[in-house]
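Enquirer: Attaching a predicted model along with its sequence, questions to come.
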Number of protein chains: 2
Amino acid sequence: MIERPGNDAALAALRAALGAERVLTEPAVLEIYAGDDGPGRCPPRAVVFPRSHEEVAALVRAAHGARLPLVARGAGSGNVGGALPTPGSVVVSFECMQRILEFDPADRLMRVETGVITAEIERLARSQGLFYPPDPGSAPYCRIGGNLAMNAAGPRALKYGVTRDYVLGLRAVGGDGRTLVSGCRTSKGVVGYDLTRLLVGSEGTLALITEATLRLLPAPAAVGTLRVCYDATAQACRAVQRVMAQPIIPCALEFMDAHALAAIQRAGGAIDLPAATRAMLMVEADGEAAQVAAHLQSLRQALEGPGLVEIKQAMAADEVARLWSARRALSGAVKALAPLKINEDIVVPVSRLPELMARIEALAERYRLPIVSFGHAGNGNLHVNIMAHPERAGEMARAEACLRALFETVLELGGTLSGEHGIGAAKRAFVPLEIPADTLALMRAIKRAFDPHGILNPGKMFPDEISD
Amino acid sequence: MIERPGNDAALAALRAALGAERVLTEPAVLEIYAGDDGPGRCPPRAVVFPRSHEEVAALVRAAHGARLPLVARGAGSGNVGGALPTPGSVVVSFECMQRILEFDPADRLMRVETGVITAEIERLARSQGLFYPPDPGSAPYCRIGGNLAMNAAGPRALKYGVTRDYVLGLRAVGGDGRTLVSGCRTSKGVVGYDLTRLLVGSEGTLALITEATLRLLPAPAAVGTLRVCYDATAQACRAVQRVMAQPIIPCALEFMDAHALAAIQRAGGAIDLPAATRAMLMVEADGEAAQVAAHLQSLRQALEGPGLVEIKQAMAADEVARLWSARRALSGAVKALAPLKINEDIVVPVSRLPELMARIEALAERYRLPIVSFGHAGNGNLHVNIMAHPERAGEMARAEACLRALFETVLELGGTLSGEHGIGAAKRAFVPLEIPADTLALMRAIKRAFDPHGILNPGKMFPDEISD
């Protein structure tokens, strides 16, 4: 059903839609767009650079006619191969759609093209006392379209929610080239099905999102940070539970296990920890200045308990910045520990965190592989990294068995396979562990309603079909 | 395609699925289930009372086989005929599915059958220091399934969001009888399409929702109320804008125009207003006790301005209760003003509120009909009631022309036709004013994916099709 390279008519149609200079096929260019920050590489057949919604609609119509697969791409900073080209596919890069179409501080919204860098939205909002809460680690360079496709999150999701919670409306192009408009400009609206939230998190498989109207909030006036060290992972997990059982919801509650702390030290992260530290929490509260001080006090009380080594408060701004910079660099720092990092972002209910960590330690022992865990513990959302040397005999087989055992454990504990990275190409084989067959069949039917020829990001999100 | 009365085999199949005593066809019973709180009445062919998800699945399979239309019903408190039977349809009442399946304070969630009364969820949550934020006026008697179907809201939506924002996951039965499972138990999760939010607000047209896992929040310790009187509607609207331009988001910002205030007085609502009052705001802040006092102070500053008649604070608890009781009784009190109340719940961006109110006053004058406006002004979501005497010559035609002009005005101001009531049977003809044809066609395709024979709540949400 999908055309393979060699059908030059398809590329000619794209050139007709966009202009020849916006359809690149030079091997050096294709190499740049051959993957994202997830596993796998495959140069696409071409990369195209539309400049407007209308050009996106024109190119999708052309691709629909030619049965040409399209892979939407923001900055390529995703972790799961969501923007990984499939053989013969064309990458649609949104780099040339970076306009802020409207910024309305009175109605607390911003309408943007989906190639805008996420941090640019945040910067502009802050200039008027507002902020855009979702804060993926890649915010300085990722594009909002990628955030929308994956329903991106970050530390602040604990208090403020995820990308989905900040989208008022979308403009998009379905797989048949038709323009779709969803949502509204107001904070309430119930007319028609909620296509906005159906498109958010759909990983480029239903439509290409060209414009988003984003909801903004008043920026908190102050933020305060605690660095809290424990002598054991289990004790840090129990502290997370105590924090989440009292009424103050922190705007960040990040966890790092001993392996993660070692990776930071090895990468030269200047955070000076007490010797007994085996796990660390970073806890932040935001709000008005007076309130933040009171909240940190309440949080301290919840954080105190068995195994506490140290609570550090009132850090200088540069010390807090160093801490966050080390936290944000962790993903890269962990990569240095072994040639292969199988990087998951599983979630369990907070009540099951201690059990999860104990089971992860048992998996590391059983499969004889280091497992490094850190992340958004307040949401029960941990980045669990299984580290392997593929060249060592048997180690890949052990890593794969370990991964499956991890997923089974997570589901057994009432959790989910992914909290913010998505499924992409990397995890689709595991989706049937979580989603029952009938529900999955319905999702495929929705996909066909949006994209009758299956040209939008094929081979992502869904497992291969045995028959269909 | 849809069976009409007379096909007894269809009812026999339902009796086989549920037991004969749960399939009622007595005319007196059918009369009770012939409508909701919206316009129109039509006795169904039968009313059925399933007791479990499995029974719902069995009855939908039977109805699917017999092409029998099903109308899901909670408490019948909806405003738009969402639960209005169509000729020959069977009402599925969730009255016998009222179990709280799970209440987990540690993970801040509650799993309920969808016949549970909304206030019961709130009461149980409060017993453990938590709360369920959505607060439709009907909460004391409506059922959570109806709230899910319509994406219900209420005053607290301003600060806390709507029903959609508090649903972690659903269990439901699609129109072909298949069980669908969406979402998860955790506050983050991105595996598969977001069927949870697609089903919320789908008005019973995609699936029958049997179970919901709801997210709860820590209950605010204190709440403070301001009653604020202005000498003109426009001045009250400008005060709303000033409130929404400063950083403290109130947990309620309710508006009542002079007609609404007169209706309260006429209904015997004991609220003693200064004589110069022509519009009133009710403003609430919640949080910790110390914080609430400071927030009310900030809100007062924003509320002060031209046209202010009085700000009343530090009311006794019973005075606040009387105020809210008058506010909640408004919908009924307005009904007493004329035999027909065309009750809308339009939304405009807050920046356009003064213009909206001026245009509504002009419409009232032009069409010579009283229009009573009140509601959730902080969201720009107003209940606009066009009052008419259908027996007076020409008045219905004027009312209908006025309604269309209102909707056109709202859309011209960047708003939406409904903020919380939904479309149901009452407003479906107006949907094409807001949703473009291609997007509507896609929504119909989604409907077919869930409900291939179109048996779930036919004749709702969508305009009639010219051809299809």
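Expert: Yes, it's here.

Enquirer: Dihedrals phi and psi, A:A364?
Expert: phi -60, psi -40 (degrees, to the nearest 10).

Enquirer: helices or strands up against the helix or strand hosting A:E54?
Expert: Using DSSP states H and E, A:E54 sits in helix A:53-66. Other elements packing on helix A:53-66 under the criterion 3 or more CB pairs under 8 Å, 6 or more residues apart in numbering or on different chains; DSSP states H and E are helix A:8-18, strand A:70-73, strand A:90-93, strand A:167-174, strand A:207-215. The way it works is simple: take the backbone N, C-alpha and C, and place the C-beta from them, glycine included.

Enquirer: which stretch among the ones you listed comes nearest chain B?
Expert: Comparing these by their distance to chain B (CB to the nearest CB), the top pick is strand A:167-174, with 6.5 Å.

Enquirer: Say whether chain B is contacted by the following helix or strand past that closest one.
Expert: Next in sequence after strand A:167-174, counting helices and strands by DSSP H and E, comes strand A:179-183. Yes - contact of strand A:179-183 with chain B (CB under 8 Å from any CB of the partner chain) involves A:T179, A:L180, A:V181, A:S182.

Enquirer: any low-confidence regions in chain A?
Expert: A:1-7, A:466-468 (pLDDT under 70).

Enquirer: residues from the stretch 51-200 of chain A in reach of chain B?
Expert: A:104-108, A:129, A:150-151, A:153, A:157-158, A:161-162, A:164-165, A:174, A:178-182, A:184-195, A:197-198, A:200.

Enquirer: do the stretch 301-450 of chain A as well
Expert: So the stretch 301-450 of chain A meets chain B at A:347-351, A:376, A:379-381, A:414-423, A:431, A:434-436, A:438-443, A:445-446, A:448-450 (CB under 8 Å from any CB).

Enquirer: redo that, cut-off 7 Å
Expert: Within the stretch 301-450 of chain A, the positions lying close to chain B (CB under 7 Å from any CB of the partner chain) are A:347-351, A:379-381, A:414-420, A:422-423, A:431, A:434-436, A:438-439, A:442-443, A:445-446, A:449-450.

Enquirer: Can you flag the buried ones in the residues you listed?
Expert: A:347-351, A:379-381, A:414-420, A:422-423, A:431, A:434-435, A:439, A:442-443, A:445-446, A:449-450 (16 or more other CB atoms under 10 Å in any protein chain shown).

Enquirer: What segments of the stretch 1-150 of chain A are helices?
Expert: Under the criterion DSSP state H, counting those that start in this stretch, helices of the stretch 1-150 of chain A are mapped to A:8-18, A:27-32, A:53-66, A:118-126, A:144-150.

Enquirer: Identify the residue spatially nearest to A:S187, adjacent ones excluded.
Expert: Take A:S187 and drop its neighbours on the chain: the residue closest to it by CB to CB, 6 or more residues apart in numbering or on different chains is B:N379, 5.0 Å away.

Enquirer: meant to ask about A:P432, not that
Expert: Leaving aside its sequence neighbours, A:P432 sits nearest to A:P463 (CB to CB, 6+ apart; 5.7 Å).

Enquirer: For that neighbour, give its distance to A:S202.
Expert: Per CB to CB, to the nearest Å, A:P463 is found 16 Å from A:S202.

Enquirer: For those two, work out which one has more neighbours and name it.
Expert: Legend: neighbour count by other CB atoms under 10 Å in any protein chain shown for A:P463 and A:S202, higher for A:S202 (30 against 15).

Enquirer: got the contact list for that one?
Expert: With contact set as CB atoms under 7 Å, 6 or more residues apart in numbering or on different chains, A:S202 has these partners: A:A149, B:Y193.

Enquirer: and if you look at the one 3 residues further on?
Expert: Remark: with contacts taken as CB under 7 Å, 6+ apart, A:T205 is in contact with A:K447, A:L456, A:N457, A:K460, A:M461.

Enquirer: unless I'm mixing things up, A:L18 is touching A:S52, no?
Expert: No - between A:L18 and A:S52 there is no contact under CB atoms under 7 Å: 10.0 Å.

Enquirer: Have a look at these two and say which one is more surrounded.
Expert: A:L18 (21 against 14).

Enquirer: residues contacting the more buried one?
Expert: Contacts for A:L18 (CB under 7 Å, 6+ apart) come out as A:V48, A:P50, A:E55, A:L59.

Enquirer: roughly how far apart are the third one and A:A46?
Expert: Taking CB to CB as the criterion, A:E55 is separated from A:A46 by 15 Å.

Enquirer: In helices, which of the buried ones among the residues of the stretch 301-450 of chain A next to chain B appear?
Expert: A:V431, A:E434, A:T439, A:L442, A:M443, A:A445, A:I446, A:A449, A:F450 (DSSP state H).

Enquirer: can you list these in JSON lines and add distance to B:E304?
Expert: Shown next, in JSON lines, are these (distance: CB to CB, whole Å):
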{"residue": "A:V431", "distance to B:E304": "56"}
{"residue": "A:E434", "distance to B:E304": "54"}
{"residue": "A:T439", "distance to B:E304": "54"}
{"residue": "A:L442", "distance to B:E304": "54"}
{"residue": "A:M443", "distance to B:E304": "53"}
{"residue": "A:A445", "distance to B:E304": "56"}
{"residue": "A:I446", "distance to B:E304": "51"}
{"residue": "A:A449", "distance to B:E304": "53"}
{"residue": "A:F450", "distance to B:E304": "51"}
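
Enquirer: What about the residue nearest to A:I342 when sequence neighbours are not counted, how many residues nearby?
Expert: Setting aside the residues directly before and after it, A:I342 is nearest to A:I386 in space (CB to CB, 6+ apart), at 4.2 Å. As a burial measure, A:I386 scores 24 neighbours (other CB under 10 Å).

Enquirer: Need the contact partners of the strand or helix carrying A:I386.
Expert: Secondary structure here is read from DSSP H and E; on that basis A:I386 sits in strand A:381-388. Residues outside strand A:381-388 that contact it (CB under 7 Å, 6+ apart) are A:255, A:334, A:337-338, A:340-347, A:360, A:369-375, A:395-396, A:399, A:402-403, A:406, A:419-420, B:188.

Enquirer: just to revisit the earlier point, and the contacts of A:L18, which two are the farthest apart?
Expert: Pairwise distances across those peak at 8.9 Å for A:V48 and A:E55 (criterion: CB to CB).

Enquirer: Looking at those two now, which is surrounded by more residues?
Expert: Taking neighbours as other CB under 10 Å, A:V48 and A:E55 compare with A:V48 leading, 26 against 20.

Enquirer: for chain A, what's the longest helix?
Expert: Max-length helix for chain A by DSSP H is helix A:395-412.

Enquirer: Can you check what angle separates that one from strand A:381-388?
Expert: With axes from the mean of the first three to the mean of the last three CA atoms, to 10 degrees applied, the angle from helix A:395-412 to strand A:381-388 works out at 160 degrees.

Enquirer: all helices in the stretch 151-300 of chain A, in order from the N-terminus.
Expert: Secondary structure of the stretch 151-300 of chain A (DSSP H, counting those that start in this stretch): helices at A:157-160, A:195-199, A:233-243, A:258-266, A:289-303.

Enquirer: tell me what the first one is packed against?
Expert: If I follow you right, that is helix A:157-160. Packed against helix A:157-160, as judged by 3 or more CB pairs under 7 Å, 6 or more residues apart in numbering or on different chains; DSSP states H and E, are no other helices or strands.

Enquirer: Centre of the chain to it, how far?
Expert: 14 Å (CA atoms, centre = their mean, to the nearest Å).

Enquirer: Return the set of buried residues in it.
Expert: In terms of neighbour count (16+ other CB under 10 Å), helix A:157-160 has its buried residues at A:A157, A:L158, A:K159, A:Y160.

Enquirer: Would you mind confirming that the first one makes contact with A:A377?
Expert: Going back to what we said before, that points to A:A157. No - counting by CB under 7 Å, A:A377 is not a contact partner of A:A157; they are 12.0 Å apart.

Enquirer: quick one, what contacts A:S77?
Expert: A:S77 neighbours (CB under 7 Å, 6+ apart): A:D36, A:D37, A:S138, A:Y141, A:C142, A:G146.
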